[in-house]
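Asks: Quick one: sequence plus predicted model below, questions after.
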Number of protein chains: 4
Amino acid sequence: MPTQKIGKEDIVRNALLVFKEQGYHHTTMSDIGKACGLLKGSLYHHFSGKEQLMEAVLENLNQYYEKKIFQIADNPDLAPADKLRYLIEKSVEIFFTQRVGCLMASIGLETTPIRPSFSAEIQRFFTSWAQCMECILTELGHPHAQVATMAWQSVAEVEGGLLLAQVFQDDTYLHNAHKNIYNRFLNNSL
Amino acid sequence: MPTQKIGKEDIVRNALLVFKEQGYHHTTMSDIGKACGLLKGSLYHHFSGKEQLMEAVLENLNQYYEKKIFQIADNPDLAPADKLRYLIEKSVEIFFTQRVGCLMASIGLETTPIRPSFSAEIQRFFTSWAQCMECILTELGHPHAQVATMAWQSVAEVEGGLLLAQVFQDDTYLHNAHKNIYNRFLNNSL
Amino acid sequence: MPTQKIGKEDIVRNALLVFKEQGYHHTTMSDIGKACGLLKGSLYHHFSGKEQLMEAVLENLNQYYEKKIFQIADNPDLAPADKLRYLIEKSVEIFFTQRVGCLMASIGLETTPIRPSFSAEIQRFFTSWAQCMECILTELGHPHAQVATMAWQSVAEVEGGLLLAQVFQDDTYLHNAHKNIYNRFLNNSL
Amino acid sequence: MPTQKIGKEDIVRNALLVFKEQGYHHTTMSDIGKACGLLKGSLYHHFSGKEQLMEAVLENLNQYYEKKIFQIADNPDLAPADKLRYLIEKSVEIFFTQRVGCLMASIGLETTPIRPSFSAEIQRFFTSWAQCMECILTELGHPHAQVATMAWQSVAEVEGGLLLAQVFQDDTYLHNAHKNIYNRFLNNSL
DNA sequence: AATGAATGAGAATTCATTCAT
DNA sequence: AATGAATGAATTCTCATTCAT
């Protein structure tokens, strides 16, 4: 069966889900092939290997976050509180739609420092996220000197919440992280 | 040569370090053997397999934390603030001595839900930690209704800090998590 | 785009070079495609497979040698000494222009007896060469009884020289073989 | 079935035969395993890969030739003519016992310049052989200035003969090469 | 005729596990 | 208890070949 069964983008999207569920090392090319309706060998038409495929997944995820989520910070039509709400709603949506926590976190823990080629993208993700938070917090009127620390604290808190949510298979831990951030910065509950 | 070269305990201790550095799937029995001065085959005299060895590692780590660290909460001779300080100092000590973050977190992210046999110990770890925090916060006079949330938030924050510390290879992220906790509960800096 | 990009002949010529440089098994259809400015799939419009392509290459090479080189023996206008000189000059020219030794020899050693379908052409090549030598040696006045042995010895000597030239990446070994033949049959040096 | 089934040396010896018959690229680790009564995976206990195994084969063959054959040149108890006879008898014996020509030649043609790690051993083989011939020819009273050329010519002639013998599956070609050498240097026939 | 995605059979290699010594 | 050779299943990757467009 020749002619395009599936595009590069689709492979990346499918691979993302498999990697998220099973981790990098435990996922086989065959698993990913199956998720795409392809044989493992066919994946090599599109990606030169497992490592490059994962890199594409991480890049793609970064682009998605930057274009669809973190750019909210630059939107001049929204109030900062709405931006924060949007940011959290979106991340809730993503995490709960796709299940199984944050790829960047799990791959980061599983493969740093063993797979340095992944680190750049993973670091870029967290940096973009923190910068987005910084912008919002600045707009909310927080003093410039504290904004970076507050942003990174929020990132850590959410990622910690995701970790616990995954380990306990219980979303409450993530919800609580979000609640804390609301309370801290918007003075009202979820 | 039926002479005992190494005990079960030693293998567990060595395996812990290797698993921490390389993750569960990327670590081979041969790696662990090497770290113990044994050949991989010899490990099977002590453990029935890789999975059981990892379980022993997790159990052992739990026991260590419970006996040496989390039990601080029950010590009647210490002020609650000192308990909190001790808890944080110890975790700093462990993480910075052994490098490479928190085994429970990385194995948790890498193997949940793929390897359910690890989950019990990993959950037990975080639960003990949170309970320890709860006790301390209660003693510090925080209202009973909020103590659990505050405890879990702290755990999440520290774990998030550890994640970032590992991903960026920069301890500052962990230090900041600890600073935040000090500030929040002791109203003084590190 | 059903436009003819390249003819069968061109593919054969390009394939020859690639097979010579890389050997039969180590050469992929993709390598040959690349050398032709085609994708590997397109080669199957012209040849039913890798084996048939190699057969075409061997046939083509044989035809080239027979038409352009070995037919010199039948040329009534040349003195036998000039024929020998021509034969050697040509083979020097071919081997040093195209580099990487004699296709017939390398493919012969690599694929006999594994790929019997190649043997006929390879044998034909050496037989034609020896016959050409025989004619020349006969014309040079050597006794009929010894002419065959002398011809085959020369072939062996040149092929041995080519082998050493390839293994040591040093053309001297081939030059020496030619010098020996000159000395033996023409009593003068190169 | 644990405990030594086969030694490293035996694997090398078996691998030699398989590589000789099938060439380097066409031989699979599975083929070699089969020839040894092992599974392919077991070969990796003894050799880190196919390339290393082939290197061991080439080294081993070199050592064999140097210790058992080429050292004849240094034997003070033999007349030079006997040395030459011994050298040729031995090579006849080896080639006709093991069939399928000269490993060094076929691997040399198949893998130069693609596998430079083999070249050193292959070159060493031909160099040792030529040196052995040089010694013998010197002892036979040939002028120093010509001895090297004569030696290399003989090597080339024999290798060319082997090539033809393999391509035509006919030992005569090799016998003839030997005859020529006898005639040239001993003035008597085989 | 050319493309290029897909196939599927196998290639090399890895690794948890077994077991005779 | 330790060894280390052997296993065999699994894994990554390759490549000749097919075929719809």
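Replies: Ah, there it is. Numbering: from 1, shown residues only, chains lettered A, B, ... in the order given.

Asks: so how far is stretch A:53-64 from its chain's centroid?
Replies: 10 Å (CA atoms, centre = their mean, to the nearest Å).

Asks: in the helix or strand bottoming out on mean pLDDT in chain A, what counts as buried?
Replies: Evaluated with mean pLDDT, DSSP states H and E, the helix-and-strand set of chain A has its lowest mean pLDDT in helix A:80-98, which scores a mean of 89. Counting neighbours by 16 or more other CB atoms under 10 Å in any protein chain shown, one finds that the buried residues in helix A:80-98 are A:80, A:81, A:83, A:84, A:85, A:86, A:87, A:88, A:91, A:95. Every C-beta, even on glycine, is put in place using the N, C-alpha and C of the backbone.

Asks: State the mean pLDDT of the helix or strand that it is followed by.
Replies: Downstream of helix A:80-98, the next assigned helix or strand under DSSP states H and E is helix A:103-111. Taken as a whole, helix A:103-111 has a mean pLDDT of 96.

Asks: any idea of the angle the helix or strand following helix A:103-111 forms with helix A:80-98?
Replies: Helices and strands here follow DSSP H and E; after helix A:103-111, the next one along the chain is helix A:116-139. Helix A:116-139 and helix A:80-98 are oriented at 150 degrees to each other (axes from the mean of the first three to the mean of the last three CA atoms, to 10 degrees).

Asks: Out of the buried residues of helix A:80-98, flag the one nearest to residue A:167.
Replies: Taking CB to CB as the measure, residue A:95 is the one of the buried residues of helix A:80-98 closest to residue A:167, at 14.3 Å.

Asks: Just to check, that closest one is in contact with residue A:159?
Replies: No: proximity of residue A:95 to residue A:159 does not meet the contact threshold set by CB atoms under 8 Å, at 10.9 Å.

Asks: What is the neighbour count of residue A:62?
Replies: Here the count is done by other CB atoms under 10 Å in any protein chain shown, and residue A:62 has 18 residues near it.

Asks: which residues touch it?
Replies: A:121, A:124, A:125, A:128 (CB atoms under 8 Å, 6 or more residues apart in numbering or on different chains).

Asks: Nearest to DNA strand F among these?
Replies: residue A:121 (18.1 Å; CB to the nearest atom of the strand).

Asks: number of nearby residues for that closest one?
Replies: The tally of other residues near residue A:121 (other CB under 10 Å) stands at 20.

Asks: near DNA strand E, which residues of chain A?
Replies: Along chain A, the residues adjacent to DNA strand E under the rule CB under 7 Å from any atom of the strand are A:1-6, A:37-42, A:45-46.

Asks: okay, these in JSON lines with pLDDT, secondary structure and neighbour count next?
Replies: Listed next are these as JSON lines, based on pLDDT from 0 to 100; DSSP: H, G, I helix; E, B strand; the rest coil; neighbours: other CB atoms under 10 Å in any protein chain shown:
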{"residue": "A:1", "pLDDT": "45", "secondary structure": "coil", "neighbour count": "3"}
{"residue": "A:2", "pLDDT": "54", "secondary structure": "coil", "neighbour count": "5"}
{"residue": "A:3", "pLDDT": "71", "secondary structure": "coil", "neighbour count": "4"}
{"residue": "A:4", "pLDDT": "78", "secondary structure": "coil", "neighbour count": "5"}
{"residue": "A:5", "pLDDT": "78", "secondary structure": "coil", "neighbour count": "11"}
{"residue": "A:6", "pLDDT": "91", "secondary structure": "coil", "neighbour count": "15"}
{"residue": "A:37", "pLDDT": "96", "secondary structure": "coil", "neighbour count": "11"}
{"residue": "A:38", "pLDDT": "96", "secondary structure": "coil", "neighbour count": "20"}
{"residue": "A:39", "pLDDT": "96", "secondary structure": "coil", "neighbour count": "11"}
{"residue": "A:40", "pLDDT": "96", "secondary structure": "helix", "neighbour count": "15"}
{"residue": "A:41", "pLDDT": "96", "secondary structure": "helix", "neighbour count": "10"}
{"residue": "A:42", "pLDDT": "97", "secondary structure": "helix", "neighbour count": "15"}
{"residue": "A:45", "pLDDT": "96", "secondary structure": "coil", "neighbour count": "10"}
{"residue": "A:46", "pLDDT": "97", "secondary structure": "coil", "neighbour count": "18"}
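
Asks: ok so, going back, and for residue A:95 and residue A:159, which residues touch both?
Replies: Shared contacts of residue A:95 and residue A:159, defined by CB under 8 Å, 6+ apart, are found at residue A:102.

Asks: Apart from its neighbours in sequence, what residue is nearest residue A:113?
Replies: The shortest distance from residue A:113 to any non-neighbouring residue, by CB to CB, 6 or more residues apart in numbering or on different chains, is to residue B:169 (7.0 Å).

Asks: ditto for residue A:149
Replies: Leaving aside its chain neighbours, residue A:149 sits nearest to residue B:176 (6.3 Å; criterion: CB to CB, 6+ apart).
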